[in-house]
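Chemist: Sequence and predicted structure are below.
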Amino acid sequence: MDELIGLFGVSEEDGGDRGWDGGDLMDYSDRHQMQPEIEEGNIEFKLKLTNPSESRMEHLVSQMKWRLREGNGEAIYEIGVEDDGAMMGLTEDDLRSSLENLNKMASRLQADTTILREVVVDVASNRRAVEVLVRKIPSDKSFIDLRICVLGNMDAGKSTLVGVLTNPCELDNGHGRARLNLFRHLHEMQTGHTSSVCHDILGFDSQGMSVDYSTVRNKEEICEASSKLLTLIDLPGGQKGLKTTIFGLTGYYPDVAFITIAANQGIVDSTREHFGLALALNIPCVVLITKSDLLNGHTIQVERKVKRLLQMPGVDKIAYVVNSPEDAQQAASKLSTDCVTPVFSVSCVTGQGIDLLKIFLNLVPCRLSQKEMDKLSRMDPEFKIDETYSVPQVGCVVGGVLHRGIIKRDDKMLLGPYEDGAFEEVRVKSLHRSRAPCSLVKTSECAAIAIDGQHTVRKGMVLVSPASRGAAQAAMELECELLVLHHPTRIQKGFQCTLHIDNIVQTAVITRIELEQPPLSPSQVLSTTPTRGGATLGLGTNEKGKVTFRFVKHCEYIRAGMRLLFREGRSKGIGHITHVTPYKKISTNGDASGFSANQAN
C-alpha cells in the first residue's frame, strides 16, 4: 500500500501526461488485429460457426456455458476473428449463418444475444467481423447484481448524475432538479448535499436495453424486467460525512467506484482522498468528469490532471479516455485489469456522455470472478447487518450483504454478538432481494431478512450458521498489520481512532505497537535522533507495524484476514487482522463463564 501515501498528503502536480485516447487499448489502427484470445475469462473468438455437426454443436454449447459462468452470466463472442486475434471477417452468407447458430446455442442455455458492433475488414468483398454480447435470461427472478459507489467532492454532481442515469427523460436544469428524488432527508433537499447513504437502481434486460423510470413506474418493475441490476450508492463528499463514505466503501462491498470530478473545480484534496480509499480497498475505479457543459465540452485540461493523478508513483494507472461506443465497450472489458482506469466526460444538463456511460454500465463486470463466488458459496453463511427495521405485522427485519454462503427460508441462524459476547439462535421467516420475495440469497447479494421474535439489533451484528458455533466468537481485542497512510506526527500507544471493519464502525484504542525494523541505513546509524530500536516511538506516515486495538464500547464479530481501516481527523491507515482474542463476559460471582480478552493469553 506504499503507493497510496501521496493521495493522502500534500497535493502533487508532478509528472507528464500518459494515457490512452480512444481505441488504442486494443490495436485497431489497421482494423485487422486484436489481442490474442485468453483461455480464461468470458471472451471467445470464433472464425465462423457455419454448418456445425451435432457433436460440434454440443461442444459449442458446452463452451458457451463455460464462458457464461466465467462472466457471471455474460459472455462476449468475437465472430470472424482467429484465436491469435487476426480479424479475417466473413462474407454476408457466412456471417448470417454464424449468427443464426450462435442464437441457437444461446437459446439452449436460456440466453439472449445482442450485436455490440461491426467492423468492415475488407470493403471490396464486404467481409465483416462482429462482436456479440451473450447474456443469460433471468429465471426465478435471478439476475446479475452489481453495486457501484459514487464518490467525489461536494458539488461534484454525484446525486444529479445518479438521478439522470436512472431517469434519462428528465435532464437536470442546472440547479439540481434531477437529484431531488434521491435525497432521504429534508436538510439534504435544502442544502443540496448528501449526508447519508442514498440508493437508486438501474437495470438492463437480456438484450442490453436500459430499464429505468422512463420505461417502468417503480423499483419493483425495474427488478422484474432486468437481467442485470446496478445499485447506485451515492455517498457524501465532505469531510463531515467521511465516516458515512468509508462505511459505504467497507460495508457495501462495491464492485466499482465512480470518482466524480467537477470540470469547473478540478481535482481537490477530497478527490485524492476518496480515490486513495478506493484503491486501498482494491475497488476498480472509473473517473467521471462532470459538468462538462460549463467548459463547452472542452475538458482536455482536466483530463491532463487526471492522467497526472493516475500516474503518481506506485498508483501506476493509465487513463483510458472514452470518446465513442467502441471505447466504452473496450473500457468495460479491461476494467478488471490493474493498469487501466476509464475516464468519461459527462453533462447532466446537455446529456453529453450519458449514453456512453450506459453502454459501459451494460457491460461492466462483477468484481468477484466465478471461481471466487463458487468458493465463497461453499462456506458457512455469514450475513453482515447494516440496516435494522421493525415492520408492523412482520417484526424484526435486518438488511445487509451476504458475505459468503447461502441463506434459505426457515434456516436456523445465530444472531450476535450482543454486549456480553453471546449469540442467539433465530429462524429466517422470509427473504427479500431487490424489493421482491425470494426463497434464497446467494453470496455477495444484498437482502432484507425477517427473523422470528423481537430482538435488539444494531448495525455491525451478523447472522452466521449454527454449524460455525465454535468459530462464531466475539472479540474486544485484535492484532493487525497496519500501514499508516497519513499522520501529522507519530501514532503512540493510547491513540484513539474510529475503526472500520466491513460493516463495523466503532472507536478503538491502541494498546500495543510493534514496529517493523528493517536494516538501518548508515545515515540512521549516525543520526542523533534514532527512529528505530530502543523504546517504541510510534508509527509515522508510510510506516508499517504490528498494532493491537481494543474496542472501547462493546465486542464485535471479527475474523483473522479481515481488512480494516482507521481514521481520526486527517489521520488514516489501513491493514488486515492477523489475530483475534476471543471475549466472554466474567460473571459477577467470580466464576468465569468463559474468559475475558485480558485472560485470553
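Modeler: Here it is on my side, so go on.

Chemist: residues of stretch 287-296 that come out buried?
Modeler: Across stretch 287-296, burial judged by 16 or more other C-beta atoms under 10 Å covers Val287, Leu288, Ile289, Thr290, Lys291, Ser292, Asp293, Leu295. Backbone N, C-alpha and C define where each C-beta goes, glycine included.

Chemist: same deal with stretch 101-108?
Modeler: Buried-residue list, stretch 101-108, by 16+ other C-beta under 10 Å: Asn101, Leu102, Met105, Ala106.

Chemist: what about the last one, distance to Pro417?
Modeler: Here Ala106 is placed at a distance of 48 Å from Pro417 (C-beta to C-beta, to the nearest Å).

Chemist: Same question for the third one.
Modeler: To Pro417, Met105 is 50 Å away according to C-beta to C-beta.

Chemist: just to revisit the earlier point, from the buried residues of stretch 101-108, pick the one nearest Arg135.
Modeler: Ala106 (8.7 Å; C-beta to C-beta).

Chemist: Doesn't that closest one lie inside a helix?
Modeler: Yes: checked against DSSP: H, G, I helix; E, B strand; the rest coil, Ala106 lies within a helix.

Chemist: Can you read off the pLDDT for it?
Modeler: Ala106 carries a pLDDT score of 93 in this model.

Chemist: does it really touch Thr113, like I thought?
Modeler: Yes: with contact defined as C-beta atoms under 8 Å, Ala106 reaches Thr113; the gap is 5.0 Å.

Chemist: Overlap of the contact sets of the two?
Modeler: Val134 (C-beta atoms under 8 Å, 6 or more residues apart in numbering).

Chemist: Setting aside sequence neighbours, what's the nearest residue to Leu356?
Modeler: Ala328 (4.7 Å; C-beta to C-beta, 6 or more residues apart in numbering).

Chemist: Give the full set of residues in contact with that neighbour.
Modeler: Val322, Pro342, Leu356, Leu357, Ile359, Phe360, Leu363.

Chemist: quick check, it in a strand?
Modeler: No: looking at Ala328 with three-state DSSP, it is helix, so not inside a strand.

Chemist: hmm, back to that, tell me the one of the buried residues of stretch 101-108 nearest Lys546?
Modeler: Using C-beta to C-beta, the buried residues of stretch 101-108 come closest to Lys546 at Ala106, 53.0 Å.

Chemist: wait, what's in contact with that closest one?
Modeler: Ala106 touches Met64, Asp112, Thr113, Val134, counting by C-beta under 8 Å, 6+ apart.

Chemist: same check, this time on Gly241
Modeler: Thr194, Ser195, Leu235.

Chemist: Could you measure from the first one over to Tyr389?
Modeler: With the distance defined as C-beta to C-beta, Thr194 ends up 21 Å from Tyr389.

Chemist: the more surrounded of those two?
Modeler: Thr194 (26 against 13; other C-beta atoms under 10 Å).

Chemist: ok so, going back, export the contacts of Gly241 as JSON lines, with columns for secondary structure.
Modeler: Formatted as JSON lines, the contacts of Gly241 follow (three-state DSSP):
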{"residue": "Thr194", "secondary structure": "coil"}
{"residue": "Ser195", "secondary structure": "coil"}
{"residue": "Leu235", "secondary structure": "coil"}
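
Chemist: Could I get these in CSV, plus columns for pLDDT and distance to Cys438?
Modeler: Listed next are the contacts of Gly241 as CSV, based on pLDDT from 0 to 100; distance: C-beta to C-beta, whole Å:
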residue, pLDDT, distance to Cys438
Thr194, 81, 30
Ser195, 79, 32
Leu235, 94, 27
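
Chemist: Which parts of the stretch 301-450 of the chain are strands?
Modeler: With DSSP state E, counting those that start in this stretch as the criterion, the stretch 301-450 of the chain has strands at 318-321, 340-345, 382-391, 395-404, 407-408, 412-416, 424-433, 436-438, 440-441, 446-451.

Chemist: quick one: the residue nearest to Leu356 from Leu363, how far?
Modeler: On the measure of C-beta to C-beta, Ala328 and Leu363 end up 8 Å apart.

Chemist: Okay, now the unreliable bits of this protein?
Modeler: 1-6, 8-31, 138-142, 297, 338, 469-471, 517-536, 584-601 (pLDDT under 70).

Chemist: Mind doing that once more with 50?
Modeler: 10, 12-16, 20, 22-30, 519-535, 586-601 (pLDDT under 50).

Chemist: Let's see which of the buried residues of stretch 287-296 end up in strands.
Modeler: Val287, Leu288, Ile289, Thr290 (DSSP state E).

Chemist: Identify the residues contacting Leu463.
Modeler: With the criterion set at C-beta under 8 Å, 6+ apart, Leu463 makes contact with Pro381, Glu382, Phe383, Ile385, Val398, Ile407, Met413, Leu414, Leu415, Val426, Ile449, Ile451.

Chemist: whoops, I mixed them up, Asn153
Modeler: With C-beta under 8 Å, 6+ apart, Asn153 has these contacts: Gly237, Gly238, Thr260, Ile261, Ala262, Gln265, Val268, Ser270, Thr271.

Chemist: Kindly report the same for Thr50.
Modeler: With contacts defined as C-beta under 8 Å, 6+ apart, Thr50 is in contact with Asp94, Ser97, Ser98, Asn101.

Chemist: Tell me which two of those sit farthest apart.
Modeler: Asp94 and Asn101 (10.7 Å).

Chemist: any idea where the strands of the stretch 1-150 of the chain begin and end?
Modeler: Going by DSSP E, counting those that start in this stretch, the stretch 1-150 of the chain shows strands at 19-21, 43-46, 74-79, 111-122, 127-136, 144-152.

Chemist: Would you mind listing the buried residues in the fourth one?
Modeler: By that I understand strand 111-122. Within strand 111-122, the residues that qualify as buried are Ala111, Asp112, Thr113, Leu116, Val119, Val121, counting by 16+ other C-beta under 10 Å.
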